[in-house]
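> Got a predicted structure here, sequence first:
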Amino acid sequence: MTEKGRVHSNYFVLTYPGITVFIGLGLLFMFISWQWPEWYLLAYVPNLGPFLSWLGKEHNLAVKLIFVPVMSIHIIEVFFAVYYCYKLGLTPLTTLKWTSQIFVVGIISLSYLIWPLPERTTSVKFKK
């Protein structure tokens, strides 16, 4: 189990920006195609926009049945992030960074919080 003082109080690992943008846009496009499939801005996304519009119009229930559980899982992961940030003794600003990143990226980012990177952990010196 993790302990306070195992990592610095400002321990934060930024996930790769490409992954963050890919997952964030995927969640956003799923939400838009579920709620507003006829939204005019989808037409400006080449090749993907008409597909998302068709998916939202023809298979709205399927998009909802995928989007709602995925977002529910991401919200549950945020609660786990707050718990682990408290267990590690991280600052409130660092906790906010972790929770916002985990809300978008999910388990990819949460794994860095649950199992801190070895080079970022503090070494505990024992006296003889």
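Good, I have the coordinates.
> Next, the buried residues of the longest helix along the chain.
Secondary structure assigned by DSSP state H gives helix 60-88 as the longest helix of the chain. Within helix 60-88, the residues that count as buried by 16 or more other CB atoms under 10 Å are 63-64, 67, 74, 77-78, 81, 84-85, 88. (Each C-beta comes from the backbone N, C-alpha and C, glycine too.)
> Closest one of the residues you listed to L41?
Nearest to L41 among the buried residues of helix 60-88: V63, at 17.1 Å, using CB to CB.
> Now do the same contact list for the closest one.
Under the criterion of CB atoms under 8 Å, 6 or more residues apart in numbering, the neighbours of V63 are 30, 33-34, 55-56.
> Looking at the residues you listed, which are in strands?
If you go by DSSP state E, the contacts of V63 have nothing in strands.
> need the residues you listed in CSV with neighbour count and pLDDT, can you?
Rendered in CSV, the data for the contacts of V63 read as follows (neighbours: other CB atoms under 10 Å; pLDDT from 0 to 100):
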residue, neighbour count, pLDDT
M30, 20, 92
S33, 26, 90
W34, 21, 91
L55, 17, 89
G56, 24, 89
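> just curious, which of those is nearest to W115?
M30 (28.7 Å).
> doesn't F67 make contact with the closest one?
Yes: counting by CB atoms under 8 Å, M30 touches F67, with 4.7 Å between them.
> Could you list the low-confidence segments of the protein?
Across the chain, the stretches falling below the confidence threshold (pLDDT under 70) are 1-5, 40, 120-128.
> if we go to 50?
1-2, 125-127 (pLDDT under 50).
> can you give me the helices for it?
Chain-ordered helices for the chain, with DSSP H as the definition, fall at 17-35, 48-58, 60-88, 92-105, 107-114.
> I'd like to know which of those is closest to R6.
Judged by CB to CB, the one of these that comes nearest to R6 is helix 60-88, at 6.4 Å.
> Now do that closest one against helix 48-58, angle only.
For helix 60-88 and helix 48-58, the angle between their directions (axes from the mean of the first three to the mean of the last three CA atoms, to 10 degrees) works out to 110 degrees.
> Put together JSON lines for the contacts of V63, with distance to L93 on each row.
Rendered in JSON lines, the data for the contacts of V63 read as follows (distance: CB to CB, whole Å):
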{"residue": "M30", "distance to L93": "30"}
{"residue": "S33", "distance to L93": "34"}
{"residue": "W34", "distance to L93": "33"}
{"residue": "L55", "distance to L93": "39"}
{"residue": "G56", "distance to L93": "37"}
